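Novice: Build the 3D model from these lines:
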Amino acid sequence: MPDLFDAPGAGEAAPPAHRPLADRIRPQHLSEVIGQEHVLGPEAPLGAMLAAGSLSSLILWGPPGVGKTTIARLLASETDRAFVQISAIFSGVPELRKVFEAAKLRATQGRGTLLFVDEIHRFNKAQQDSFLPYMEDGTILLVGATTENPSFELNAAVLSRAQVVILERLTLASLERLAQRAEKALGRALPLKAPAREALLEMADGDGRALLNLIEQVTAWKLAQPLDVAGLSSRLMRRAAKYDKSGDEHYNLISALHKSVRGSDPDAALYWYARMLEGGEDPRYLARRLIRMAVEDIGLADPQAQSHALHAWETYERLGSPEGELALAQTVIYLALAPKSNAGYVAYKAAREAARKTGSEPPPRHILNAPTRLMEEQGFGAGYHYDHDAEDGFSGQNYFPETMKRPVLYAPVERGFERELKKRVEWFAKLREKRGG
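Specialist: Purely as a prediction, here's the structure:
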């Protein structure tokens, strides 16, 4: 498997001690990058581009510490372009103007420029648009790095001129190879027992840079013997899980929770619920989403589900954290195990669509009130059958606009309480047909 970082080659001078480990063992070739074979392999997007000699502008999308900067730097080296790096956090229009002018001058001298923009999603629309003419005329090859979904954060014009490449968080196997490479560069093994070594890899949480920082801390300790898990945990704090309440992780995790509930998996649903709480999510947000799940995915298959979710929210408001979060957790379990039906949701959307198409059609006159003599003379209310006076309390009259063909909007399923509602729908349909409604 290729490695994310390479050690100094044979015959090279030892790097200065003050250089960070991540910098000292940075890869010198794309083939050494660890964990991103799906984009760098011979048949993968970047591998194929380089083989064909037709590298296009790119957006590298992935979590921190997976090699975005390294890949951009090596792409510049592989294509013999000048590497220019800026950060959208610290750069504005004046800095961009200088970068573009330097790239134009470089182009007149026969050399291209690979402009690497870290956190590119931080640029506003006008700043993003400023790249377009220089991308189109070849002055720069843009490689942007982002931890946020480009579909939401980048202009359509930029996206249409660049290929989005998704980088993945490093697996434990990839992190282990990275640790081995670090040990080779340091000239000694980590002073950890096997379980503690695995715990260290887990602390990095898929972030290669974070792992190397942890390794530097561990190797700086003066230890008489290797540490076990307890010893390691007493010296190192576990990294907080990556969770941005306004970013991709927020939407990814709530999607996982919602789909686990919909999929009737209480264990998975509880896990994602706990992940969001551990990330600092507001329990009130989760309470609102649980009510939405009850309405959208359970509906009338279990009419108690909505009340259960509402009562859990009320319980949380009265108890607060952490006790109130247990009420929400029990609702997660209840909703996951409840019978599911989106028939009401589907019927509602179909009704809205029908209303948009026939929005000017008046109700049939026989169900309109006639408070004035003129309306009575016009036939308003004439022929209306009072359902309570009809056999079975059902007249079977038409209540749709007279020019509109009767649609079927609500189709209950054979699950939970909707099984009973299905019987009622079918019974009324037979009566309506019998009575000419």
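Novice: Just the C-alphas of the helix or strand of the chain with the lowest mean pLDDT, formatted as PDB.
Specialist: Ranking every helix and strand in the chain by mean pLDDT, DSSP states H and E puts helix 373-377 at the bottom, with a mean of 74. Output in PDB follows, covering the C-alpha atoms of helix 373-377 (Å, rounded to 0.1, in the frame of the first residue of the first chain):
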ATOM      1  CA  ARG A 373     -81.300  35.200  -1.300                       C
ATOM      2  CA  LEU A 374     -79.300  35.800  -4.500                       C
ATOM      3  CA  MET A 375     -77.000  32.900  -3.700                       C
ATOM      4  CA  GLU A 376     -79.900  30.700  -3.000                       C
ATOM      5  CA  GLU A 377     -81.500  31.700  -6.300                       C
END
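Novice: List the buried residues of the next helix or strand after it.
Specialist: Along the chain past helix 373-377, the next helix or strand (assigned with DSSP states H and E) turns out to be helix 418-434. Across helix 418-434, burial judged by 16 or more other C-beta atoms under 10 Å covers 418, 421-422, 431-432. Just so you know, the C-beta spots here come from the backbone N, C-alpha and C atoms, and that holds for glycine as well.
Novice: re the thing from before, which other residues reach the least confident helix or strand of the chain?
Specialist: Applying C-beta atoms under 8 Å, 6 or more residues apart in numbering, the contact partners of helix 373-377 are 368-370, 381.
Novice: For ChimeraX, what selects the buried ones among those?
Specialist: Of those, the buried ones can be selected in ChimeraX as follows, counting by 16+ other C-beta under 10 Å:
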select :368,370
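Novice: Now secondary structure too, for the contacts of helix 373-377, in CSV please.
Specialist: What follows is these, written out as CSV (DSSP: H, G, I helix; E, B strand; the rest coil):
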residue, secondary structure
368, coil
369, coil
370, coil
381, coil
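Novice: of all the contacts of helix 373-377, which two lie farthest apart?
Specialist: Largest separation among the contacts of helix 373-377 by C-beta to C-beta: 368 and 370, giving 6.9 Å.
Novice: quick one: common contacting residues for the two?
Specialist: The contact sets of residue 368 and residue 370 overlap at 380-381 (C-beta under 8 Å, 6+ apart).
Novice: what's the pLDDT at the residue nearest to residue 411 when sequence neighbours are not counted?
Specialist: Distance criterion C-beta to C-beta, 6 or more residues apart in numbering; nearest residue to residue 411, sequence neighbours excluded, is residue 343 at 5.6 Å. Looking at residue 343, its pLDDT stands at 94.
Novice: Tell me how many other residues surround residue 343.
Specialist: 21 (other C-beta atoms under 10 Å).
Novice: residue contacts, it?
Specialist: Residues near residue 343 by C-beta under 8 Å, 6+ apart: 299-301, 410-413, 418.
Novice: how does it look with 6 Å?
Specialist: By C-beta atoms under 6 Å, 6 or more residues apart in numbering, the contact set of residue 343 is 411-413.
Novice: Also residue 172?
Specialist: Applying C-beta under 6 Å, 6+ apart, the residues near residue 172 are residue 201.
Novice: how about residue 85, phi and psi?
Specialist: The phi/psi pair for residue 85 (degrees, to the nearest 10) reads phi -120, psi 130.
Novice: Identify the residue nearest it in space, chain neighbours excluded?
Specialist: Nearest non-adjacent residue to residue 85, counting by C-beta to C-beta, 6+ apart: residue 116, 4.6 Å away.
Novice: Which strand residues bridge the one you found?
Specialist: Taking DSSP bridges, one obtains residue 85, residue 143 as the residues bridged to residue 116.
Novice: count of neighbours near it?
Specialist: Residue 116 sits with 24 neighbouring residues when counted by other C-beta under 10 Å.
Novice: which residues of the stretch 101-250 of the chain fall in helices?
Specialist: Counting by DSSP state H, counting those that start in this stretch, one finds helices in the stretch 101-250 of the chain at the ranges 125-129, 132-136, 150-153, 156-160, 172-186, 194-204, 208-220, 229-235, 248-262.
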